[in-house]
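# Just need the structure, nothing else, for what follows:
(one chain, ligands or ions: 1)
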Amino acid sequence: MNILVLNCGSSSLKFQLIETDLDLIEKNADAQKAKGIIERIGSQALITVQAAGKPAVKQAAPLRDHRAALDYVLRWVISPEAQIPGIRALADIQAVGHRVVHGAEKFVKSVVIDQSVIEGIEDCIELAPLHNPANLKGIYAARELLGTGVPQVAVFDTSFHTTMPETSYLYAIPYQLYRRHKIRRYGFHGTSHRYVAYRYREIAGLTREKTNIISLHLGNGCSACAIRNGDSVDTTMGLTPLEGLVMGTRGGDMDPSILEFLAHKEGMSLTEIDTLLNKQSGLLGISGLTNDMRELLEEEREHKDRRATLAIDLFCLRVKKYIGAYLAELGGTDAIVFTGGIGENSPAIRARICTGLENLGIAIDEKLNNTATGGKEVEINKAGNKLRILVIPTNEELLIARDTVRSIKDAPRRW
Ligand code: AMP
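Predicted coordinates for the structure are as follows:
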């Protein structure tokens with residue numbers, strides 16, 4: 001089956017076309033046929049599309065909305081220029097899988113989309129006001145352009161974390177606020193943490209129930225996840241993706257009294273503070289330079305920029321603290337896995353995070369660490385180390401495509 005995987009943001013649409021089915025999943029032989037991203041939807045959009053094994057093609061075009069963006073993608077996918085094997089007409093796309101950010105407590109696993117699922121995703125909008133409406137736009141656009149005969153599946157960022165116990169997901173605020181408004185920690189990046197756990201158990205030759213790791217997704221957004229017996233038992237993001245680690249533009253953990261203090265001292269509204277914490281903090285806020293880790297490392301190397309170093313050090317210390325916290329919470333673990341743009345590509349950051357953790361059985365082999373860049377799966381711990389340390393490039397799209405296939409088989413419902 002050819003599955004179109006969509007990840008719609010407020011002004012962007014990422015896609016992959018993946019060939020997979022139950023047999024290919026079993027053989028681990030799924031194939032990515034094409035991928036691309038459309039940015040700045042709503043104005044002159046920037047389009048990058050790439051068929052497997054061919055160079056990327058960049059273009060610009062006025063694309064009014066997500067429907068127009070998806071229409072562009074579909075026309076390209078079936079066009080003679082793209083020359084994607086097995087794709088000649090829209091009928092060659094058998095299903096669509098969507099990344100949906102927030103499924104709250106409602107969606108504990110991926111589901112075939114029908115009207116009730118759409119209503120469920122709408123109910124979660126107040127918890128993800130920027131993301132869920134964009135995800136819905138992708139669903140509506142696909143329904144309109146591909147027809148109701150093509151099944152669509154929603155794969156939620158939050159689902160993997162629905163196994164967290166109450167002690168991990170509750171905030172210590174009056175319990176009735178949880179009852180009344182479902183204020184709790186949900187966690188995100190679930191599909192990435194689940195993928196990493198799945199790859200780890202394949203590499204280590206373990207069953208799901210024997211999978212015990214701390215997964216570190218370090219990209220522009222960052223989160224750590226404590227995984228016991230294959231299940232997420234704790235994660236660093238909370239009600240929203242703001243909590244936890246230091247990120248590109250998000251500050252992560254802080255004293256909530258800062259909000260009142262800022263409102264008072266700077267005369268800021270709650271909305272302005274929310275923007276400050278989400279968009280102007282983290283690596284960008286501390287360095288005053290950029291949210292991009294690669295650029296910060298360059299600034300540090302070439303200009304010895306003090307605030308670049310400070311931002312990187314804060315970032316690494318926070319990850320280190322959560323490794324310690326999760327080791328305590330899990331009572332030890334078998335492996336630490338790095339993923340995400342920074343986790344997959346930066347030996348320097350991995351080394352800085354792990355420095356000083358030797359007494360906890362965490363020691364990186366410098367040579368192996370330096371080889372782990374550019375999308376390679378590598379084990380980077382020193383020989384004889386208590387814990388395995390791995391770099392596993394994430395692949396959320398593959399899991400979305402696989403979930404799509406499995407969900408359709410389990411519940412072949414239509415609109
Ligand atoms: P993501 O959101 O997963 O795409 O990750 C984006 C982040 O990964 C940005 O901060 C990039 O600077 C960072 N990144 C990508 N490649 C490298 C690299 N080679 N070294 C350091 N950071 C990198």
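# in the stretch 51-200 of the chain, what residue is nearest the ligand?
Going by C-beta to the nearest ligand atom, the ligand is nearest to residue 192 of the stretch 51-200 of the chain, at 8.8 Å. Any C-beta I mention is one placed from the backbone N, CA and C, and that applies to glycine too.
# can you pull the pLDDT of that residue?
Note on residue 192: pLDDT of 97.
# is it true that it touches residue 338?
No. Shown here, residue 192 and residue 338 do not form a contact pair, counting by C-beta atoms under 8 Å, at 11.6 Å.
# neighbour-wise, which of the two wins?
Neighbours were counted for residue 192 and for residue 338 using other C-beta atoms under 10 Å; residue 338 has more, 31 against 25.
# Checking my notes, the more buried one in a strand, right?
Yes. Remark: residue 338 belongs to a strand, assigned using DSSP: H, G, I helix; E, B strand; the rest coil.
# Identify the residues contacting residue 104.
Residue 104 sits next to 123-124, 127, 158, 182, 186 when contact means C-beta atoms under 8 Å, 6 or more residues apart in numbering.
# let me fix that: residue 246
By C-beta under 8 Å, 6+ apart, residue 246 lies in contact with 222, 252, 282-283, 286, 311, 314-315, 318.
# Name the nearest residue to residue 37, ignoring sequence neighbours.
Counting by C-beta to C-beta, 6 or more residues apart in numbering, residue 37 lies nearest to residue 14, which is 4.8 Å off, once chain neighbours are set aside.
# That neighbour reaches residue 6, doesn't it?
Yes. Using C-beta under 8 Å, residue 14 makes contact with residue 6 at a distance of 7.4 Å.
# And residue 92, how far from residue 1?
Per C-beta to C-beta, to the nearest Å, residue 92 is found 10 Å from residue 1.
# swap in residue 398?
Applying C-beta to C-beta to residue 398 and residue 1 gives a distance of 14 Å.
# who's more crowded, these two?
Between residue 398 and residue 1, counted using other C-beta under 10 Å, residue 398 has the larger neighbour count: 22 against 16.
# Please identify which helix or strand holds the more buried one.
Residue 398 is part of helix 396-410, with elements assigned from DSSP states H and E.
# Please, where are all the helices along the stretch 301-415 of the chain?
Assigned by DSSP state H, counting those that start in this stretch, the stretch 301-415 of the chain shows helices spanning 306-330, 340-345, 347-354, 366-371, 396-410.
# For the ligand, which of those helices is the nearest?
helix 340-345 (2.1 Å).
# Any part of the closest one near the ligand?
Yes. Using C-beta under 6 Å from any ligand atom, helix 340-345 reaches the ligand at 340-342, 345.
# filter these to the buried ones?
Among the residues of helix 340-345 next to the ligand, the ones that count as buried by 16 or more other C-beta atoms under 10 Å are 340-342, 345.
# Adding pLDDT and distance to residue 33, write those out as a markdown table.
What follows is these, written out as a markdown table (pLDDT from 0 to 100; distance: C-beta to C-beta, whole Å):
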| residue | pLDDT | distance to residue 33 |
| --- | --- | --- |
| 340 | 97 | 24 |
| 341 | 96 | 23 |
| 342 | 97 | 28 |
| 345 | 97 | 25 |
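# mind listing what the residue positioned nearest the centre of the chain touches?
What sits nearest the mean C-alpha location of the chain, by C-alpha atoms, centre = their mean, is residue 189, with 3.8 Å. By C-beta under 8 Å, 6+ apart, the contact list for residue 189 reads 157, 217, 221, 223, 225, 235, 237.
# same question, residue 158
So residue 158 contacts 101-104, 107, 186-188, 190 (C-beta under 8 Å, 6+ apart).
# Take those residues and keep only those in strands.
Using DSSP state E to define strands, no part of the contacts of residue 158 is located there.
# these two touch, right, residue 42 and residue 65?
Yes. If you go by C-beta under 8 Å, residue 42 and residue 65 touch, sitting 6.9 Å apart.
# Would you mind measuring the gap between the ends of stretch 345-358?
For stretch 345-358, the separation between the terminal residues is 22 Å (C-alpha to C-alpha, to the nearest Å).
# Dump stretch 147-163 to PDB, restricted to CA.
The C-alpha coordinates for stretch 147-163 follow below in PDB (Å, rounded to 0.1, in the frame of the first residue of the first chain):
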ATOM      1  CA  GLY A 147     -12.500  11.500  -1.300                       C
ATOM      2  CA  THR A 148     -14.100   9.700   1.500                       C
ATOM      3  CA  GLY A 149     -13.200   6.300   0.000                       C
ATOM      4  CA  VAL A 150      -9.600   6.700   1.100                       C
ATOM      5  CA  PRO A 151      -9.300   5.900   4.800                       C
ATOM      6  CA  GLN A 152      -7.400   8.300   7.100                       C
ATOM      7  CA  VAL A 153      -5.700   7.600  10.400                       C
ATOM      8  CA  ALA A 154      -4.800   9.900  13.200                       C
ATOM      9  CA  VAL A 155      -1.600   9.200  15.100                       C
ATOM     10  CA  PHE A 156      -1.200  11.200  18.300                       C
ATOM     11  CA  ASP A 157       1.900  12.700  19.900                       C
ATOM     12  CA  THR A 158       0.300  12.100  23.300                       C
ATOM     13  CA  SER A 159      -0.900   8.500  22.900                       C
ATOM     14  CA  PHE A 160       2.400   6.800  23.900                       C
ATOM     15  CA  HIS A 161       2.400   8.600  27.200                       C
ATOM     16  CA  THR A 162      -1.100   7.500  28.200                       C
ATOM     17  CA  THR A 163       0.500   4.700  30.100                       C
END
